[in-house]
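Chemist: Just to be clear, the model below is a prediction. Sequence and coordinates:
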Amino acid sequence: MSVRLDIELLRNFVAIADASVMSRAARQVGRTQAALSQQIKKLEQIVQQPLMIRTGRGIALTLHGERLLAHAHKILRAHDEAVAELTGASLSGRIRFGCPDDYARIFLPGVLQSFASLHPQVFIEVVCAPTPRLFERLKDKTLDIAILSQPDRSDRDAFLRREPFVWVGSKGSNAFNLDPLQLALSDPDALDHLAARTSLERAGRRYRIAYASGSVAGLTAVVRSGQAITVMTQTGVPPDLQVLPASVGLPPLPSVGITLQTARRLSSRLLERFEAHVRAVLPTL
């Protein structure tokens, strides 16, 4: 008997696997959690293998689930490309997309490359800036959509992912021992700047802001010189710099939640597709 994989079942399976949380996946695909669970059971019956297990943190894939996920991504990409080409439904136009500087190296290649493979006629204009500046541009509608950092909170299902802040220094430098501590920080209203100052003040540690800039390139250049340390999200730390361990005596830092926000209530079809794409891809990067 031949086995056939239904496209809709695969699409829902990928949504759950990428989100790792059933409630988040249900919102993304517009179904109830119960309906999604039934879809996974049906898919497991078709392949005659267990695909997912529930854990204390959400959903985890079995070995068979991991193997199917790799195939599912390829199948869905080929399916969507074929449908777009044959029906003339491929999208075109321009999107103004904002992303914080420290996420750009990690997030942008995966998001942009995968969307361009589906919709090569779409031009995406990228603006990198600290979150407060992106908020301003969304408000005045000079951006269409942006990835943003927000303070961590208990309602974590609203986040696409969470990232811990970490202290960052140059490898081999003892800048973390200076008194007062020399800091290279972004804009005063940015979350990393506020987190650094708040944690140091609570710990009673003396510090001086030796360099302030909205440019991550500028901040990391100062840190590479060994003259100061900075605060970044753990994902955004360049490989030539080091996350400073707790043993150096610096106070702990909070985490931030990563969200996606659009500038318009009434989205275009193009913007809706791009938003859905980012929401699906970002948690996997």
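Modeler: That came through, no problem.

Chemist: check which helix or strand covers Phe123.
Modeler: Using DSSP states H and E, Phe123 sits in strand 121-128.

Chemist: Now tell me what touches that strand from outside.
Modeler: 90-101, 104, 108, 112, 115-116, 134, 137, 143, 146, 270, 274 (CB atoms under 8 Å, 6 or more residues apart in numbering). C-beta: built from backbone N, CA, C; applies to glycine.

Chemist: the inter-axis angle of the next helix or strand along the chain from that strand versus strand 121-128?
Modeler: The helix or strand immediately downstream of strand 121-128 is helix 131-139, counting by DSSP H and E. Going by axes from the mean of the first three to the mean of the last three CA atoms, to 10 degrees, helix 131-139 is angled at 140 degrees with respect to strand 121-128.

Chemist: Report the next helix or strand after helix 131-139 in sequence order.
Modeler: That would be, after helix 131-139 and using DSSP H and E, strand 145-151.

Chemist: Check which helices and strands that following strand sits against.
Modeler: strand 92-99, helix 131-139, helix 191-203, strand 255-262, helix 269-281 (3 or more CB pairs under 8 Å, 6 or more residues apart in numbering; DSSP states H and E).

Chemist: So for the residue nearest to Asp144 when sequence neighbours are not counted, what's the pLDDT?
Modeler: Leaving out its chain neighbours, the residue that sits closest to Asp144 by CB to CB, 6 or more residues apart in numbering is Arg96, at 4.7 Å. Reading off the confidence values, Arg96 has pLDDT 93.

Chemist: circling back: would you list the helices and strands packed on strand 145-151 in JSON lines and tack on mean neighbour count and distance to Gln33?
Modeler: Output for those, formatted as JSON lines (neighbours: other CB atoms under 10 Å; distance: least, CB to CB, whole Å):
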{"stretch": "strand 92-99", "mean neighbour count": "18", "distance to Gln33": "30"}
{"stretch": "helix 131-139", "mean neighbour count": "18", "distance to Gln33": "31"}
{"stretch": "helix 191-203", "mean neighbour count": "18", "distance to Gln33": "31"}
{"stretch": "strand 255-262", "mean neighbour count": "18", "distance to Gln33": "21"}
{"stretch": "helix 269-281", "mean neighbour count": "17", "distance to Gln33": "17"}
